[in-house]
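> sharing a model that was predicted from the sequence below.
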Amino acid sequence: MDFDWSDEQLAMRESMIKFATRELGNAKSGAEPFTREVWQRCADVGIQGLAIPEELGGQGASALTTIVALEALGYSCADNGLLFSLNAHMWAVQHPILEFGSPEQQRRYLPGLCSGALVGAHAMSEPGSGSDAFALTTAAVRDGDSFRITGTKTFTTNAPVADLLLVFATLDRGRGMLGLCAFLVERDTRGLEVGPAIRKMGLNSSPMSEVFLDDCRVPAAALLGRAGRGAAVFNAAMERERSLILACTIGTMERTLDESVAYARQREQFGRHIGSFQTVSNRLVDMKLRLETARLLLYRLGWLIDQGRPSVLDAALVKLHLGESLVASSLDAVRTLGGYGYTSEYGVEGTLRDAIGSLLYSGTSDIQRNLAARQMGL
């Protein structure tokens, strides 16, 4: 196995570090609300277009190259909410359009989603259907050459600022997932209303809200993929999202470890640097172990994606391990800094609050275990 990065990938990493340090280095997660100005800065250096082909406005980067860029971004930018919004946009909106969209849909939306002109949101979860995604009640009714959609979505990341929403609805609840459809709904569509931003524990610079559809009429051309194939669209979006949505957190974990080690080297108690106490040093070694195992799992998954190999099991394991490791290491960072870690001065308490969400979004840790067990034949 070759663990060396190519010159192109190293250049991508370096450029992303320089950009984030220069443009995003002073940002702390939740300190400032989402702004289109910052979103546009990210688009101007190609972040939103990383995995999209050049002919559709993107950079055409491989999965591994994309991972390298996102890891570097996570190391140099502490605004975890912004990073979460970027990833939700890329994997839960752009990717399904790329995989299932008609040439017309791809040309209509992907260049704008890459350039920063458009922000995307993925509207699947409902007040009564979260992990049981296919129990949704939002209904679509055929009406000549259009569809009318009625229902309520919740926990929709980017919805308050979105220009385009990928909305899932059912044509026939009695058919279960075989009745599901996916629709590309533009923000100014009559009957579409976005609720106020939902207050959260963390990731506060990533706006989230409910979405209400009241007899929302969309043309037949808004259907993404074929009627009744919405489950395939959703599953593909979730597999890619759970594969890569935590790529930035590898950088976050590395930055948090570096800051914890630096603190342990300079902080003195009982006449010694606290890093010389085995309790502290063991904790930092555990953080390093989680970082490196998570990194290897993620890199292997990126390689599988680039090779076109099946990755359902690996994606579930990556999402599970990265999410759990991020929370554990963030908590260890707070413990290492002690009372200072509990204050907002050093930022690790904010990282911990942001990390908790990784146990829930894109499928909870319990759901990832269920997916992995199913792939193992259990």
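Okay, I see it. Computed from a predicted model, the values in this text were never measured in an experiment.

> where along the stretch 151-300 of the chain do the strands fall?
With strands called from DSSP state E, counting those that start in this stretch, the stretch 151-300 of the chain shows them at 164-170, 180-186, 192-197, 208-219, 223-224, 268-269, 272-273.

> residue ranges with poor pLDDT in the stretch 151-300 of the chain?
By pLDDT under 70, the stretch 151-300 of the chain has no low-scoring segment.

> ok so, going back, buried deepest among the strands of the stretch 151-300 of the chain, which one?
Compared across the strands of the stretch 151-300 of the chain, strand 164-170 shows the largest average neighbour count, a mean of 26 (mean count of other Cβ atoms under 10 Å). Backbone N, C-alpha and C define where each C-beta goes, glycine included.

> what's the angle between that one and strand 192-197?
Interaxial angle, strand 164-170 versus strand 192-197 (axes from the mean of the first three to the mean of the last three Cα atoms, to 10 degrees): 110 degrees.

> how close does residue 195 get to residue 208?
10 Å (Cβ to Cβ, to the nearest Å).

> joint contacts of the two?
residue 159 (Cβ atoms under 8 Å, 6 or more residues apart in numbering).

> surely residue 168 touches residue 137?
No. Using Cβ atoms under 8 Å, residue 168 makes no contact with residue 137, being 11.0 Å away.

> got the strands of the stretch 151-300 of the chain as CSV, with distance to residue 50 columns?
Output for the strands of the stretch 151-300 of the chain, formatted as CSV (distance: least, Cβ to Cβ, whole Å):
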stretch, distance to residue 50
strand 164-170, 18
strand 180-186, 21
strand 192-197, 27
strand 208-219, 23
strand 223-224, 21
strand 268-269, 44
strand 272-273, 41
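
> from residue 195, how far out is residue 339?
Relative to residue 195, and taking Cβ to Cβ, residue 339 is found at 39 Å.

> same thing with residue 341?
Counting by Cβ to Cβ, the gap from residue 341 to residue 195 is 35 Å.

> now do residue 311
35 Å.

> got a pLDDT number for residue 27?
Predicted confidence (pLDDT) for residue 27: 69.

> all helices for the stretch 201-350 of the chain, in order.
230-244, 247-266, 278-307, 312-337, 339-342, 348-356 (DSSP state H, counting those that start in this stretch).

> likewise for the stretch 1-150 of the chain?
According to DSSP H, counting those that start in this stretch, the helices that the stretch 1-150 of the chain contains are 7-19, 36-44, 63-76, 80-89, 95-100, 103-115.

> got the angle between the first one and helix 63-76?
Right, helix 7-19. Using the same axes, to 10 degrees: helix 7-19 against helix 63-76 is 20 degrees.

> same check, this time on the fourth one
Orientation check (the same axes, to 10 degrees): helix 80-89 against helix 63-76 gives 160 degrees.

> how about the last one?
Counting by the same axes, to 10 degrees, helix 103-115 points 30 degrees away from the direction of helix 63-76.

> what residues of helix 103-115 count as buried?
105-106, 108-115 (16 or more other Cβ atoms under 10 Å).

> mind checking which of the helices of the stretch 201-350 of the chain is nearest residue 89?
Among these, helix 230-244 comes nearest to residue 89, with 10.5 Å by Cβ to Cβ.

> so which elements touch the closest one?
Counting contacts by 3 or more Cβ pairs under 8 Å, 6 or more residues apart in numbering; DSSP states H and E, helix 230-244 packs against helix 63-76, helix 80-89, helix 95-100, strand 164-170, strand 180-186, helix 278-307, helix 312-337.

> again, 7 Å this time
helix 95-100, strand 180-186, helix 312-337 (3 or more Cβ pairs under 7 Å, 6 or more residues apart in numbering; DSSP states H and E).

> want to throw these into TSV with distance to residue 269?
Formatted as TSV, these follow (distance: least, Cβ to Cβ, whole Å):
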stretch	distance to residue 269
helix 95-100	49
strand 180-186	56
helix 312-337	12
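
> looking at those, which is buried most?
strand 180-186 (a mean of 24).

> give me the angle between it and strand 208-219.
Using the same axes, to 10 degrees: strand 180-186 against strand 208-219 is 90 degrees.

> walk me through which strands strand 180-186 pairs with, and which way each runs.
Strand 180-186 has the following strand partners under DSSP bridges: strand 164-170 (antiparallel), strand 223-224 (antiparallel).

> residues in contact with the shortest one?
Contact partners of strand 223-224, identified using Cβ atoms under 7 Å, 6 or more residues apart in numbering, comprise 96-97, 100-101, 105, 166, 181-184, 233.

> of those residues, which is the nearest to residue 201?
residue 166 (25.3 Å).

> the closest one bridge partners, please.
Beta-bridge partners recorded for residue 166 (DSSP bridges): residue 122, residue 184.

> residue 296 and residue 122: what is the separation?
29 Å.

> meant to ask about residue 153, not that
Counting by Cβ to Cβ, the separation of residue 153 from residue 122 is 9 Å.

> run a quick neighbour tally on residue 259.
17 (other Cβ atoms under 10 Å).

> can you check residue 265 too?
Neighbourhood size, residue 265 [other Cβ under 10 Å]: 12.

> which residues touch it?
Residue 265 sits next to 273, 275 when contact means Cβ under 7 Å, 6+ apart.
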